[in-house]
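In: Got a predicted structure here, sequence first:
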Amino acid sequence: MVRCSIKRAIKTISVFIILIVIFKKFLPHSHQSDVVRLKLKSKSPVIVILSFYCSKTIPRVILFLNELRLSYIEYKKLDENFYHSLLNDIPSLIIVDHVPNSDFYMFTNQYHISLLILLNNNCEKCIFIKYSQMLFENVTYPTIDFNREELKPILHRTTSPFRIQQSNEVIKILRFKKILPYFHHGRNNRCFSLQTSKDDSINIIIYVQNKATFEKINLMIIKSDRQIYLSECLYHHWFIWPLMMDILRYLTSNVYDYHGLKRYIQIDIDDIFLGGKSNDYLRSNDIHALLRSQLFIQNYIKNFRYRLGFSGYYYHNSGNNEENEGNRLLISKYCYLQNRVYY
């Protein structure tokens, strides 16, 4: 009896183990376990670009990523192949030139992927404002007149419609109090903004105001911690590139080292001998002012040097002796002293 009971117990345990194995084998695969596993998996450093429309903005972004030596891959379609590629190699950041649908948002939220969403005239959920409708304000900031023997600060005045929200976690390099300096605009340009409601939890970074109604039009907002909406009209202005670097650092928690690339100021002066075409030849006093300005900037930026571009055909090719002397002075005094970088 005892021997028979032991045999029955062994058979029962064996059958139970077999049933567990079969049950696990045929049990539907848990998608949640996939999510947990992908969360633990390190993100790919490759930035994904999803572009639906033909515009100049995406090529500009690609050139910018190339300058930073960041890897990227561009997709033109949102299909199964796109999702399959992303599941195989989850990116930290996706840049899109349209407002995604709800399924796309669910996907990126599920796998904790950051989004940079560019707002343009293809945005159906956007509102827009023309430059002529914007409230411009005078901006005054100190600068230096390098044509003076004694370097004294002078005040430069300009106008700008772009206002910065005081407390934000994105803008690091643009240490301006209220307004972004701004020097030109096209009258027919428009800025697009995501239409939001009072219930939306958003953090405003950059905005403009309607000069008639004083309504705020948001040009850059953070919606959740991993989504930034950016109006493409900002790409027409100089401050977009340092701003883009700050955006990349914010959305990726500063995971990129940019291959050791740091922030530097580089000033290119192109066609240095082409004054005859622009009626603005550099003379000797201009060359001395150029050197003084370079020395002044070196007080704040170590080893700073201008980058000068030129065509040898126009060198010493002016009918004016003073202008030719300026050409000779630039080459003889500064080129050999390696005060400049030429290209």
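Out: Happy to help now that I have it. As the structure is a computational prediction, the values presented were derived from the model and not from experiment.
In: Can you give the domain ranges for this structure?
Out: Using automatic domain parsing, the domain parsing of the chain gives 31-261, 268-342.
In: can you redo the ones you listed as CSV with mean neighbour count?
Out: Just so you know, the C-beta spots here come from the backbone N, C-alpha and C atoms, and that holds for glycine as well. CSV is the format used below for the domains of the chain (neighbours: other CB atoms under 10 Å):
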stretch, mean neighbour count
domain 31-261, 15
domain 268-342, 15
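In: Could you dump the ones you listed into CSV with mean pLDDT added?
Out: Below are the domains of the chain laid out as CSV (pLDDT from 0 to 100):
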stretch, mean pLDDT
domain 31-261, 82
domain 268-342, 70
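In: What's opposite the nearest residue to residue 119 once chain neighbours are set aside in the beta bridge?
Out: Leaving aside its chain neighbours, residue 119 sits nearest to residue 192 (4.4 Å; criterion: CB to CB, 6 or more residues apart in numbering). Note on residue 192: beta-bridge partners residue 128, judged by DSSP bridges.
In: List the residues that contact residue 192.
Out: Taking CB atoms under 8 Å, 6 or more residues apart in numbering as the contact definition, residue 192 lies against 119, 120, 121, 123, 126, 127, 128, 231, 232, 233.
In: doesn't residue 55 make contact with the second one?
Out: Yes - contact status for residue 120 versus residue 55: in contact at 6.5 Å, counting by CB atoms under 8 Å.
In: residues bridging contact with those two, i.e. touching both?
Out: Contact criterion CB under 8 Å, 6+ apart; residues shared by residue 120 and residue 55: 97, 232.
In: Remind me which helix or strand residue 103 belongs to.
Out: Taking DSSP states H and E as the definition, residue 103 sits inside helix 102-110.
In: do you know how far residue 123 is from residue 198?
Out: 20 Å (CB to CB, to the nearest Å).
In: Where does residue 139 sit: helix, strand or coil?
Out: Following DSSP: H, G, I helix; E, B strand; the rest coil, the label given to residue 139 is strand.
In: pretty sure it contacts residue 163?
Out: No - the pair residue 139 / residue 163 is not scored as a contact, 10.6 Å apart, by CB under 8 Å.
In: Overlap in contacts, the two.
Out: Joint contacts of residue 139 and residue 163 (CB under 8 Å, 6+ apart) are residue 179.
In: can you pull out the helices in the stretch 1-150 of the chain?
Out: For the stretch 1-150 of the chain, the helices defined by DSSP state H, counting those that start in this stretch occupy 2-26, 31-40, 57-67, 80-88, 102-110.
In: wait, the stretch 151-300 of the chain
Out: In the stretch 151-300 of the chain, the helices defined using DSSP H, counting those that start in this stretch lie at 240-251, 275-278, 284-298.
In: Let me know the angle separating the first one from helix 57-67.
Out: Yep, that's helix 240-251 we're talking about. Angle between the axes of helix 240-251 and helix 57-67 is 70 degrees (criterion: axes from the mean of the first three to the mean of the last three CA atoms, to 10 degrees).
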